[in-house]
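J.: The sequence and its predicted three-dimensional model are supplied below.
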Amino acid sequence: MNKQPKNLNLLTIRFPIPAIVSIMHRMSGVVIFLLMPFITFGFSISLMSQQGFNDVMSFFDLWPVKTLGVLLIWGIFHHFIAGCRHLLLDMEIGNDLIIARLTSKTVLVLSFILTALVLLI
């Protein structure tokens with residue numbers, strides 16, 4: 001029987017970068033899923049009339065909503081790119097530790113670059 005103590009404190013465990021990207025992929029999927037009804041509702045209101053469109057646009061001018069929008073854009077990019085990475089891993093492409101670390105870093109960098117490009121346009 002192995003009596004070694006186990007560290008179960010998630011705040012002190014040092015996760016490898018592929019694990020962090022995988023966790024962020026799941027979290028971004030949950031956030032996108034939870035925000036989808038609100039996005040659909042806002043889109044529906046904006047299509048009803050000019051006043052509805054103006055109301056939705058004025059709502060999106062609030063800074064907390066803008067911040068949430070930026071996080072949503074980043075989440076969509078991250079979820080898509082990390083999902084493609086996971087599909088490649090499922091096909092046993094990039095399973096080596098060095099390549100897995102490289103593709104994890106690539107997912108993070110690409111998601112931030114694409115988000116910045118969307119914000120600049």
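T.: Received, thanks.
J.: Determine the set of other helices and strands touching the helix or strand hosting residue 29.
T.: Assessed by DSSP states H and E, residue 29 sits inside helix 17-48. Judged by 3 or more CB pairs under 8 Å, 6 or more residues apart in numbering; DSSP states H and E, the packing partners of helix 17-48 are helix 50-60, helix 63-90, helix 97-120. To be clear about C-beta, it is placed using only N, CA and C from the backbone, and glycine gets the same treatment.
J.: middle-most residue in this protein, spatially?
T.: In the chain, the centroid-proximal residue (CA atoms, centre = their mean) is residue 75; its distance is 2.5 Å.
J.: In this structure that residue contacts residue 31, no?
T.: Yes - here residue 75 reaches residue 31: they are 5.3 Å apart, a contact under CB atoms under 8 Å.
J.: pLDDT score for residue 2?
T.: At residue 2, the model reports a pLDDT of 72.
J.: OK, contacts around residue 66?
T.: By CB atoms under 8 Å, 6 or more residues apart in numbering, residue 66 lies in contact with residue 60.
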